[in-house]
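In: what shape does this take:
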Amino acid sequence: MKKQGRLQEKPDCIEEQFKETFEKGFYNALSNMVNSNEKCRQYVAQFNGQIHRLYLSEIYYLESYQRKTSVVTSYGKIRVMSRLDEEEQHLPSSEFIRVNRHNIINMEHIKTVYHDNIIMENGEIVYISRTKKKAFLEVYMEYLKERGLILQI
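Out: Numbers count the residues shown, from 1 in each chain. Got it, this is the predicted structure:
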């Protein structure tokens, strides 16, 4: 009798494992599809009569000094002819956040947050202002949770 009980439990166990594996696989496939779609979204910048089309995933951050705005990418810096707050309106707030008066960063490219500094994947350090630090940390933690990059306790 005990052997029959064990034999009956195995199909249920296998069925649940299959169901769990299928659900995880489906979720991962859907997640990959969404992520690949997000990487295809583009940003258009214009300077000196040239139009630059960039994928949002290529942008590390935007910076503004002496009324000149630059887009820092994996290829280098591209100057644009508009103010930083104008460019901020064209970027998705779910991925980009202003961390001080001079910088808007792409959260996808954050390597480390240490005290008042953000170390980007390209090695550059961006300062977080005291007035924006709390809001940045809340938004960044939510960003990580939504993408499954942080464990919820």
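
In: and the residue nearest to the spatial centre of the chain, what is it in contact with?
Out: Within the chain, one residue has its C-alpha closest to the average C-alpha position: by C-alpha atoms, centre = their mean, that is residue 108, at 2.9 Å. Counting by C-beta atoms under 8 Å, 6 or more residues apart in numbering, residue 108 makes contact with 57, 95. From N, CA and C alone the C-beta is placed, and that goes for glycine too.

In: surely it is within a strand?
Out: No. With the criterion set as DSSP: H, G, I helix; E, B strand; the rest coil, the secondary structure at residue 108 is helix rather than a strand.

In: distance of it relative to residue 68?
Out: Residue 108 sits at a distance of 24 Å from residue 68 (criterion: C-beta to C-beta, to the nearest Å).

In: before we move on, back to that, do you know how far the residue nearest to the centre of the chain is from residue 69?
Out: From residue 108 across to residue 69, the span is 20 Å (C-beta to C-beta).

In: looking at the protein, which helix or strand is least sure?
Out: Taking mean pLDDT, DSSP states H and E as the measure, the chain has helix 2-39 as its least confident helix or strand, at a mean of 51.

In: how distant is whichever helix or strand comes after that one from the center of its chain?
Out: From helix 2-39 onward toward the C-terminus, using DSSP states H and E, the following helix or strand is strand 42-47. Relative to the chain's own centre, strand 42-47 is displaced by 19 Å; criterion: C-alpha atoms, centre = their mean, to the nearest Å.

In: tell me the strands beside strand 42-47, with direction?
Out: Here the strand partners of strand 42-47, with direction, are listed using DSSP bridges: strand 50-55 (antiparallel).

In: ok, the residue nearest to the centre of the chain to residue 117 distance?
Out: According to C-beta to C-beta, residue 108 and residue 117 sit 18 Å apart.
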